[in-house]
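# Have a look; sequence and predicted model below, questions after that.
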Amino acid sequence: MKRGRNKNIVPQDGQQPDFEGYQQNMAVLPLRITPRNNSPLTPPSSPEHEARPSKLRRHGSKIMTVLRSMTNNSSHASIEEEDIPIPQPPVSSGLGKKISMAMLKGQVDPTVVHRANLKTNRPVVISIDKEVVDPAHIDNVAGSSPNSPSTSAGDSMSTGRKSSAPGPSTGKTSLDSKWSSKHNIMSNSAQSSENKKSVGKHAIGDSGVNENILSSIAETECYATETPTPTIVTVEKAAAAKIFLECHYNDVTCSLMTSRSIRRRQLECALYEDTNSSEAEKNHKRFALAQMETDHLRETRVMKTLGMKALAGQDVTASKYEVVKVLGKGSFGVVRLVREKSETDSQADQKKKGAIYAMKVIRKSDMLRNSQEGHLRAERDFLVSAEGSRWVVPLIASFQDLSSLYLVMDYMPGGDFLGLLIRDNILSEPVTKWYIAEMILCIEEAHALRWIHRDIKPDNFLISASGHLKISDFGLAFDGHWSHDQSYFNNHRYYLMTKLGINVEGDTLDRKEARNAATAMKMGNAVTNGKDRHERNSSEISESGGILNWRNRNGNRTFARSVVGTSQYMAPEVVRGELYDARCDWWSVAVILYECLYGHTPFLAEEGGRQQTKMNILNHKNTFAFPSKPVVSKRCHDLIRSIIQDKDTRMCSRRYKLNDTSPAAQNNRDYAGRYVYPHDAEDIKGHKWFRDIHWDRIHMMVPPFVPNIKSMDDTHYFDEEDPISDFSDSASRPQVTSDEISEALKRFNREIQILARGYIERPHDSARLKKVEKEIDNFVMAEEQKDYLKAFVKHYGRKEKKRPRDKLLRDRETAPKVLELRKQGAFLGYTYRRFRGGRPSVGRVGGISAGNAAGKKVWYRTRLSIH
Ligand SMILES: Nc1ncnc2c1ncn2[C@@H]1O[C@H](COP(=O)(O)OP(=O)(O)OP(=O)(O)O)[C@@H](O)[C@H]1O
């Protein structure tokens, strides 16, 4: 069978509960978005928090600004309309002040935010009048990261002043300690109104003088007097705010180290072992890293600010990239080759000018209709957490505008591995071994980060300029975290709807089904599945010590069960829809290994389509066989056979088997170890077939195929027979005229012309298209004419839009507004910028040699989810 690009990804099920009938099933729990005391916004009282009071307080005030930005923009009912009291910033015991003072003494030029006299009454964020809320601050807040700009009191990395970062910048978000002299404070007070506005956020100095600058405004001015009726707008905005806050706080309180801390620690390790440099040189290196960190924070802050502008409809960040070519297309949108445009004429930027990247553009509307928020967040989060990895396609930046999400990645000019297979048809055993070894390292890397890829296939391994493989496309990747589970997002919305008594009927089919008691019950159960994991249970929450602790315990008990992936490469347990784990990725590797050697996959059905392929997989004990040609070594056969097994007997980590049988493991509440183990390829890597593979050096060796690249933007490995159209082209494609259609059909007789026009009149889905193609096959005409007619239907016909998975997006009245609001609010915190300083693990920190010890540490073992 001819090998081709297979796009038959089975849509996710199982994890996409529909929410019909939800209202009837939900328990009515009190809505308290921002209670004054004991608020979810108040930092949880874990010991970790107590140790970092000033940082958490800062987040608290930022979050209030986000909430205000969401409510102030609304022309409808909103969070404020709920008459929800806005919390005071948490009162500190004074520990924050002590820490700040200690930091001040120990450092030359720290960035420390002081709170004077914390126990006394002082102006709070809520006393700032609406007018003075600066959009720039809102942006900074909305996109604020745990590594937030130099306001990190405990981090001396932020002491690098006088940033050399070129390009646009937001206003200073921190005030130098040297400004805290009386003189400066006085002159400060006379500065621009923008600075005055930020004073509410940054009470500086330890004398309390600055607080006098703030005149309190009575709280009553902030509240509406009437109680407006809550609408779906209220629900959407409040849910977006809650989701943002929970994800943000989860990152803030996440015990894993931030990548910034890891970079610093790594430098310190390198410097410790560096016996050649003097103390002054070492300090210089420290200072240089601090400087780069400052630049990085500034750059990130600018991106976040622009991101908020983009959500307001301005095409800001995406327009900085010039499209060179469309590289690939998927169900999500397109991948484009782009060139970064120069922003300024400064020398530093001139150097960067023309950098080439691959930009994945994901259309929000399609993804939202298809309830893919969880997957999209997961993909971005995985790429962020894999920062610094050798085997994962590096993410440069992620951002969004109103219509799309963007992932800017390093360009892999060698194309994808499928392209190589199409060109060569079959590979020799040694060449196959090389690539399979690299694939194993790629997957091992993902598993080490506790993710299952779930869509391992040749298309998802890209070939870098040096010829090494990197794994890509984490659109279906799974880590079981609650923030990547679609039912988490839906639960927030439907919970609020129930609370507010808002009922949405959906489309005609929904209304019909609602009259059918059995269906309503079924849908109710589907909702309960997600509800169990995500709905707040007040008593359990208080026992767990806060919503995030509770979510991390309760919500993480999500298992991989969805039937996702590309059918030919799916493991039997995935096809069956059973609970599965990371062993499914190893099955797919064995399928690719077979495919490289024999030129086709082992279970692909010539007839019967995807269903038959799946049947062959389920029945693999009878259907699996090796062709007699080409001749392949016994060792290789043995390896493939050892992996093409049911998961219990599959060759991979023994630890999974232990997990399946051990009662202790069954009751294990730590989700992370249950479905993916790091280093789970140890058995496979140890197989005799791989005995001549140097696993720890393979990345330094020359691969069998090194792409022949003539320039940075050489795309000849992506050349397709038919140029791939950019989806934005088709979106803006003008209506086809009747004359054009007549011209296209003029070679046929009148009867066929009428039939062909009929075929393109109604939008088609894949089933209808197949039916039409069958009809055409029965026409009495030359094969070539039949092919032409089929191509005509595909080209001029319209694709039918899928029925949205969420009832709110099916209901004619709510759908437009809900879609608009989700485009604005569903992906808050998507922005990310990779640290430009380079990769410390290769012994250099931003161009500064960090000694020879740096390579020893793995510095990307951190989980940074959307923030
Ligand atoms: N960083 C990159 N460099 C070069 N090409 C890329 C890069 N990322 C993606 N591509 C190209 O774009 C194609 C589609 O990208 P991607 O795999 O991310 O989409 P997809 O989600 O797999 O689509 P689908 O799942 O529907 O196949 C890839 O097969 C590859 O050819």
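Right, received. Where do you want to start?

# And F399, its phi and psi?
phi -160, psi -180 (degrees, to the nearest 10).

# hmm, I was thinking of L421
The phi/psi pair for L421 (degrees, to the nearest 10) reads phi -70, psi -40.

# neighbours of it, just the number please.
As a burial measure, L421 scores 19 neighbours (other Cβ atoms under 10 Å). In short, each C-beta sits where N, CA and C put it, glycine included.

# Thought L597 was touching it, still the case?
No: assessed by Cβ atoms under 8 Å, L421 is found out of contact with L597, at 10.8 Å.

# Please enumerate the shared neighbours of those two.
The contact sets of L421 and L597 overlap at L427 (Cβ atoms under 8 Å, 6 or more residues apart in numbering).

# Check which residues of the longest helix anywhere in the chain are buried.
The longest helix of the chain (DSSP state H) is helix 279-311. Judged by neighbour count using 16 or more other Cβ atoms under 10 Å, the buried positions of helix 279-311 are 282, 285-286, 288-311.

# Point out where the stretch 151-300 of the chain drops to low pLDDT.
151-215, 217-225, 254-256 (pLDDT under 70).

# Can you name the residue of it nearest the ligand?
S259 (20.7 Å; Cβ to the nearest ligand atom).

# That residue and R833 touch, don't they?
No: with contact defined as Cβ under 8 Å, S259 does not count as touching R833 (11.5 Å).

# avg pLDDT for stretch 612-625?
Taken as a whole, stretch 612-625 has a mean pLDDT of 94.

# now the end-to-end length of that stretch.
Using Cα to Cα, to the nearest Å, one end of stretch 612-625 lies 16 Å from the other.

# What residues sit buried inside it?
T613, K614, N616, I617, H620, F624.

# Which single one of those is nearest to the ligand?
Nearest to the ligand among those, with distances taken as Cβ to the nearest ligand atom, is T613, at 16.8 Å.

# by contact count, what packs against the strand or helix carrying the closest one?
Element membership for T613 (DSSP states H and E) is helix 609-618. If contacts are counted by 3 or more Cβ pairs under 8 Å, 6 or more residues apart in numbering; DSSP states H and E, helix 609-618 sits against helix 572-575.

# relative orientation of the helix or strand following the helix it packs on and helix 609-618 in degrees?
Per DSSP H and E, the first helix or strand lying C-terminal to helix 572-575 is helix 583-598. Computed by axes from the mean of the first three to the mean of the last three Cα atoms, to 10 degrees, the angle separating helix 583-598 from helix 609-618 equals 100 degrees.

# neighbours of the residue in the stretch 651-800 of the chain that the ligand sits nearest to, just the number please.
Residue nearest to the ligand within the stretch 651-800 of the chain: F718 (6.3 Å; Cβ to the nearest ligand atom). Look at F718: counted by other Cβ under 10 Å, it has 20 neighbours.

# Surely it and K329 touch.
No: F718 is beyond contact range of K329, at 11.0 Å (criterion: Cβ under 8 Å).

# ok so, going back, how confident was the prediction at the residue of the stretch 651-800 of the chain closest to the ligand?
85.

# so who does it touch?
Applying Cβ under 8 Å, 6+ apart, the residues contacting F718 are K325, L327, G328, L337, G415, G419.

# Which one of those residues is nearest to the ligand?
Comparing these against the ligand with Cβ to the nearest ligand atom places G328 closest, at 2.3 Å.

# so after whatever helix or strand that closest one lives in, what's the next helix or strand?
For G328, the host element (DSSP H and E) is strand 321-329. Sequence-wise, the next helix or strand downstream of strand 321-329 (DSSP H and E) is strand 333-340.

# Can you give the strand pairings for that following strand, parallel or anti for each?
Each strand that pairs with strand 333-340, with its direction, by DSSP bridges: strand 321-329 (antiparallel), strand 356-363 (antiparallel).

# Let me know whether the shortest one sits next to the ligand.
Yes: using Cβ under 6 Å from any ligand atom, strand 356-363 reaches the ligand at A358, K360.

# which helices and strands does the helix or strand following that strand pack with?
The helix or strand immediately downstream of strand 356-363 is helix 364-369, counting by DSSP H and E. Applying 3+ Cβ pairs under 8 Å, 6+ apart, one finds that helix 364-369 contacts helix 373-385, strand 404-410, helix 815-825.

# outside of helix 364-369, which residues touch it?
332-333, 373, 375-376, 400, 402-405, 801-802, 804-806, 809, 819, 822-823, 826-827.

# Quick check: which of the contacts of F718 has the minimum pLDDT.
Across the set of these, G328 stands lowest in pLDDT, at 85.

# since we're on the closest residue to R610 other than its chain neighbours, how many residues are nearby?
The shortest distance from R610 to any non-neighbouring residue, by Cβ to Cβ, 6 or more residues apart in numbering, is to S567 (4.7 Å). S567 has 24 neighbours, counted by other Cβ under 10 Å.

# Settle this for me: S567 is touching N616, isn't it.
No: contact criterion Cβ under 8 Å: S567 and N616 do not qualify, at 9.7 Å.

# What residues are bridge-paired with Y406?
Beta-bridge partners of Y406, as defined by DSSP bridges: V361, F399.

# ok, it touching K360?
Yes: counting by Cβ under 8 Å, Y406 sits close enough to K360 to count as a contact (7.1 Å).

# more crowded one of those two?
K360 (26 against 22).

# Correct me if wrong: that one contacts G333.
Yes: here K360 lies in contact with G333, judged by Cβ under 8 Å, at a distance of 7.2 Å.

# what's near enough to touch L407?
M359, K360, I362, E379, R380, L383, L395, A397, S398.

# Looking at the residues you listed, which one is closest to the ligand?
Nearest member of these to the ligand, counting by Cβ to the nearest ligand atom, is K360, at 5.6 Å.

# Thank you, goodbye.
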